[in-house]
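Take this sequence and fold it.
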Amino acid sequence: AICTLAAASPTDAIKTSWDFLIKGGLFMIPLCLTSIVGATAILYKFLSLSRDRVIPDPLVDQVARFHELIATDRSEPVPREFEKGRSTLARLAAVAIRHRGRPQSDIILSVEAAARQETSRLHAGIGVLDVVITVAPLLGLLGTASGLVTIFQGLGSNYDPTTISKGIAIALHTTIFGLTIAVPCVVAHGYFTRRIEVLTARLESLLADFAHVCQRPANRN
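Modelled structure (predicted):
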């Protein structure tokens, strides 16, 4: 079916795809809904894990140079930018700024508490992909099993190998469609999970140094 779609014109490809869905039977309806949910989750994760929403480069530069900005008395606009909370880094840096002047351990504890909430935000939508990865193949198999049962019940005493083979081929449409939905979701799930790990490690590194800058100055004798 895939080779046929690749060789066909756009109109023929649409017609072939529609015929493929129709032949799959009623189970194609929940599979189509599952595919829409999976595609929406993938698009949402691409947008929510973009660099501008998590660790924007201009903000990274401000966090990395915050000690220099303090030394030159140019740090005042930076906390206001953090308080806008337009990215994960901004929201966590704002927590550190609010606890500025306290011991580093206190700042780190506050940032870690806020980071747990931000980690939940970063993982939002991953659970949906988990469900789609599990449900789509199962729906496909269920549709195939249902189709096979219908085929064999309708045969009766008339045994026709050609009819059986065609019926099995049609019944397998739902399995093919279910796997077609699951495979991209598996790839996307692995990519997003790895990206979250990389972004989280980068956040930890930046905020550890930032907490050190925000800590209470050591008392001098």
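
hey, which helix is longest across this protein?
Counting residues, the longest helix found in the chain (DSSP state H) is helix 173-214.

now it, how far from the centre of its chain.
Put simply, helix 173-214 sits 7 Å off its chain's centre (Cα atoms, centre = their mean, to the nearest Å).

ok, the residue nearest to G85 when sequence neighbours are not counted - how many residues close by?
Leaving aside its sequence neighbours, G85 sits nearest to R91 (Cβ to Cβ, 6 or more residues apart in numbering; 4.6 Å). Heads up, the C-betas are built off the backbone N, CA and C, glycines and all. Neighbours of R91 under the rule other Cβ atoms under 10 Å: 18.

quick one: low-confidence ranges for this protein?
Low-confidence segments of the chain (pLDDT under 70): 1-10, 12-25, 71-75, 150-166, 216-221.

ranges for the helices of it?
2-7, 10-23, 28-48, 51-54, 57-64, 66-71, 77-83, 88-98, 104-123, 126-155, 161-171, 173-214.

And the residue nearest to P79 when sequence neighbours are not counted, how far from A41?
Excluding its sequence neighbours, the residue lying closest to P79 (Cβ to Cβ, 6+ apart) is I97, at 4.8 Å. Going from I97 to A41 by Cβ to Cβ, to the nearest Å gives 34 Å.

Neighbour count for the two, which is higher?
Set I97 next to A41 and count neighbours by other Cβ under 10 Å: A41 wins out with 23 against 18.

From I107, how far off is A64?
According to Cβ to Cβ, A64 stands 17 Å off from I107.

who has more neighbours, the two?
A direct count of neighbours by other Cβ under 10 Å for A64 and I107 places I107 higher, at 25 against 13.

Settle this for me: that one is touching A96, isn't it.
Yes. The criterion here is Cβ atoms under 8 Å, and I107 meets it with A96 at 5.4 Å.

shared neighbours of those two, which are they?
211, 214 (Cβ atoms under 8 Å, 6 or more residues apart in numbering).

dump the residue contacts of L122.
For L122, the contacting residues are 48-49, 54, 88, 196, 199-200, by Cβ under 8 Å, 6+ apart.

swap that for V54, sorry
Listed by Cβ under 8 Å, 6+ apart, the contact partners of V54 are 87-89, 122, 199, 203.

and the gap between the residue nearest the centre of the chain and T34?
What sits nearest the mean C-alpha location of the chain, by Cα atoms, centre = their mean, is K45, with 3.8 Å. Distance from K45 to T34, counting by Cβ to Cβ: 17 Å.

Same check on E81?
41 Å.

So these two - more neighbours on which side?
The neighbour comparison of E81 against T34 (other Cβ under 10 Å) goes to T34, with 22 against 16.

so that one makes contact with L139?
Yes. Between T34 and L139 a contact is recorded at 6.6 Å, counting by Cβ under 8 Å.

Could I get the CA-only coordinates of stretch 178-188 as PDB?
Output in PDB follows, covering the C-alpha atoms of stretch 178-188 (Å, rounded to 0.1, in the frame of the first residue of the first chain):
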ATOM      1  CA  GLY A 178      -2.000   0.800  14.200                       C
ATOM      2  CA  LEU A 179       1.700   0.100  13.700                       C
ATOM      3  CA  THR A 180       2.000   3.100  11.400                       C
ATOM      4  CA  ILE A 181       0.600   5.300  14.200                       C
ATOM      5  CA  ALA A 182       2.800   3.700  16.900                       C
ATOM      6  CA  VAL A 183       6.200   3.800  15.200                       C
ATOM      7  CA  PRO A 184       6.500   7.600  14.800                       C
ATOM      8  CA  CYS A 185       5.200   8.000  18.400                       C
ATOM      9  CA  VAL A 186       7.900   5.700  19.600                       C
ATOM     10  CA  VAL A 187      10.600   7.700  17.800                       C
ATOM     11  CA  ALA A 188       9.200  11.000  19.000                       C
END
